[in-house]
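Enquirer: heads up, no residue letters with this:
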């Protein structure tokens, strides 16, 4: 969520035990952008400016994710995760992203 502050500390763990915790680092989210999901034909995505065509194939703007053939028969779901940045699929869940980030940080420690 926009305006949310998160605090992080890390410590090393090995066979000897757990090391001291690092200084606390904080980060505050700043984007007020709300992800939106649109399902449409690849043709409609291109006409709406969410995708582009190259050599008969359709690609999502921003991520360049492949969407398949450029026509009215192939339907794709695109999520706008940032201004004019689209990925194939649904909007990511912010809580799941936070948990994944915490899992990765824990794995690094």
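Expert: Received the coordinates, thanks. On a predicted model such as this, the values are computed, not experimentally measured, just so you know. Residues are numbered from 1 along each chain as shown.

Enquirer: going forward, measure contacts and count neighbours with C-alpha atoms only.
Expert: Fine.

Enquirer: pull the distance from stretch 66-82 to the chain's centre.
Expert: Centre-to-centre, stretch 66-82 and its host chain are 17 Å apart (Cα atoms, centre = their mean, to the nearest Å).

Enquirer: should've said stretch 44-56
Expert: How far stretch 44-56 lies from its chain's middle: 21 Å, per Cα atoms, centre = their mean.

Enquirer: need the distance between the two termini of it.
Expert: End-to-end distance for stretch 44-56: 14 Å, by Cα to Cα, to the nearest Å.

Enquirer: same question, stretch 55-74
Expert: End-to-end span of stretch 55-74 (Cα to Cα): 16 Å.

Enquirer: how is this structure divided into domains?
Expert: Partitioning the chain according to automatic domain parsing yields domains covering residues 1-32+94-109, 36-91.

Enquirer: let's see the pLDDT reported for the residue of the chain most remote from its centre.
Expert: Distance from the C-alpha centroid of the chain peaks at residue 16, with 37.1 Å (Cα atoms, centre = their mean). What the model reports as pLDDT for residue 16 is 89.

Enquirer: ok, residue 24 next?
Expert: 87.

Enquirer: from residue 6, how far off is it?
Expert: Taken as Cα to Cα, the span from residue 24 to residue 6 is 10 Å.

Enquirer: buried deepest among the domains of the chain, which one?
Expert: Neighbour counts (mean count of other Cα atoms under 10 Å) averaged over each of the domains of the chain peak at domain 36-91, with a mean of 18.

Enquirer: average pLDDT across it?
Expert: Throughout domain 36-91, pLDDT has a mean value of 95.

Enquirer: residue 33 and residue 60, how far apart?
Expert: Following Cα to Cα, the distance that separates residue 33 from residue 60 is 18 Å.

Enquirer: what are the boundaries of the strands in the protein?
Expert: All strands of the chain, identified by DSSP state E, fall at 5-8, 13-14, 17-18, 25-28, 36-41, 51-54, 57-60, 66-69, 75-82, 85-88.
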